[in-house]
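# for reference, the sequence and a predicted model appear below.
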Amino acid sequence: MHVTPKRVAAAHRRVRDRASIVVPLINETRDRLGTLFETDVASVTTVDYQQAVDEVFADGDLAVNITGFVGLLRELDVDGDYPGFIVDEVLGRELAATIAGGQPLALLAQATFHFADIHTHGSDDENAGADDLDAALAAGFQTRLPGWAWTERENPFSIDR
């Protein structure tokens, strides 16, 4: 894989254009997690998602890494699918973490990736990594975007200077 500015721009368009798939997956994931954690989580709109995509791709270093993960997952296929289970999970988990940002959000995105992935299934004619790509985008962006009460309050562990 050769990552160029042109390839990054193409990946940006592809990720942005996945809004019709990823935004519902984000909202389904948030609804399921909200139920489990007995909290209300704000929904994400297409505009929210696309603005967040633009934001992560505006950082060139981040954009190169996201482009690499997206390209690998889009192309990844394994005869019989199951033998490739580990590699698509690792790539999906790392893509979600990269999108979410530094710790602790990266770890939350990795955990959320597995949660979203069990509810995401591609069609039989898609490559093995395609559904992992959608789950990773949903997990990473749902973690990055506001909507969780705990991320929108003042942190009680912050030290006044």
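Yes, it's here. Since the model is a prediction, treat every value here as computed from it, not as a measurement.

# low-confidence ranges in the chain?
Where the chain drops to pLDDT under 70, the residues are 80-84, 121-130, 153, 161.

# mind checking the longest helix of it?
Scanning the chain for the longest helix, with DSSP state H as the assignment, gives helix 19-36.

# who touches that helix?
Where contact means CB atoms under 8 Å, 6 or more residues apart in numbering, the residues beyond helix 19-36 that reach it are 40-46, 49-50, 112, 115-116, 119-120, 134-135, 137-139, 141-142, 145, 147. Every C-beta, even on glycine, is put in place using the N, C-alpha and C of the backbone.

# look up how far Asp117 lies from the residue positioned nearest the centre of the chain.
The centroid of the chain falls nearest to Leu137 when counting by CA atoms, centre = their mean (2.4 Å). To Asp117, Leu137 is 11 Å away according to CB to CB, to the nearest Å.

# just the helices in this structure please.
According to DSSP H, the chain carries its helices in the segments 5-17, 19-36, 46-58, 60-75, 85-100, 105-117, 130-144.

# wait, Leu107 touches Glu94, no?
No. Counting by CB atoms under 8 Å, Leu107 sits too far from Glu94 to count as a contact (11.8 Å).

# so between those two, which is more surrounded?
Neighbour totals were compared for Leu107 and Glu94, and Glu94 leads with 20 against 13 (other CB atoms under 10 Å).

# list the contacts of that one.
Residues in contact with Glu94 (CB under 8 Å, 6+ apart) are 69, 110.

# let's see it at 7 Å
Phe69 (CB atoms under 7 Å, 6 or more residues apart in numbering).

# next one: Val44
23, 26-27, 142, 145, 147.

# try 10 Å this time
Val44 is in contact with 19, 22-27, 29-30, 52, 138, 141-142, 145-147, counting by CB atoms under 10 Å, 6 or more residues apart in numbering.

# give me the buried entries from these.
Buried subset of the contacts of Val44 (neighbour count, 16 or more other CB atoms under 10 Å): 19, 22-23, 25-27, 29-30, 52, 138, 141-142, 145, 147.
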